[in-house]
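Student: generate coordinates for the sequence data below:
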Amino acid sequence: MYNKIALVAALAAFVVACGPSQADIEAKAKATADSLAAVAKADSMRMAEEAAAAAAAAQAAADSMAAAVDSAAAAVTK
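Tutor: Sure thing, here's the model as predicted:
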């Protein structure tokens with residue numbers, strides 16, 4: 001019985017000793033946080049670019065509509 005308990009204790013100590021160190025755990029957490037920050041930054045930049053493109057398209061449509069109205073008004077006054 002003593003041998004089995006000693007074997008289980010030795011195996012438990014081996015498993016605990018073979019795990020990652022605290023520095024490894026912190027490095028992995030930092031890498032994950034850095035990766036998430038980079039993705040969030042890229043996503044916000046993409047959203048800003050899409051918003052700018054949508055605003056430019058809306059302005060172009062408004063300019064086109066204004067030009068059409070102006071040409072129609074000019075045709076009516078002739």
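Student: okay, now the unreliable bits of the chain?
Tutor: In the predicted model, the chain carries pLDDT under 70 at residues 16-17, 78.
Student: what does residue 20 show for phi and psi?
Tutor: phi -70, psi 150 (degrees, to the nearest 10).
Student: neighbours around it, how many?
Tutor: Neighbours of residue 20 under the rule other Cβ atoms under 10 Å: 10. Yep, even glycine has a C-beta here, placed from its N, CA and C like the rest.
Student: so which strand or helix has the residue nearest to it when sequence neighbours are not counted?
Tutor: Nearest-residue entry for residue 20: residue 28, 7.7 Å, with adjacent residues in sequence omitted and distances by Cβ to Cβ, 6 or more residues apart in numbering. Taking DSSP states H and E as the criterion, residue 28 maps to helix 22-77.
Student: gap between that helix and the chain center?
Tutor: Helix 22-77 has its C-alpha centroid displaced from the chain centroid by 15 Å (Cα atoms, centre = their mean, to the nearest Å).
Student: check the secondary structure at residue 7 for me.
Tutor: Three-state assignment for residue 7 (DSSP: H, G, I helix; E, B strand; the rest coil): helix.
Student: separation between residue 55 and residue 65?
Tutor: Distance of residue 55 to residue 65, computed by Cβ to Cβ, to the nearest Å: 16 Å.
Student: and for residue 13?
Tutor: 78 Å.
Student: then residue 18?
Tutor: For residue 18 relative to residue 65 (Cβ to Cβ), the value is 71 Å.
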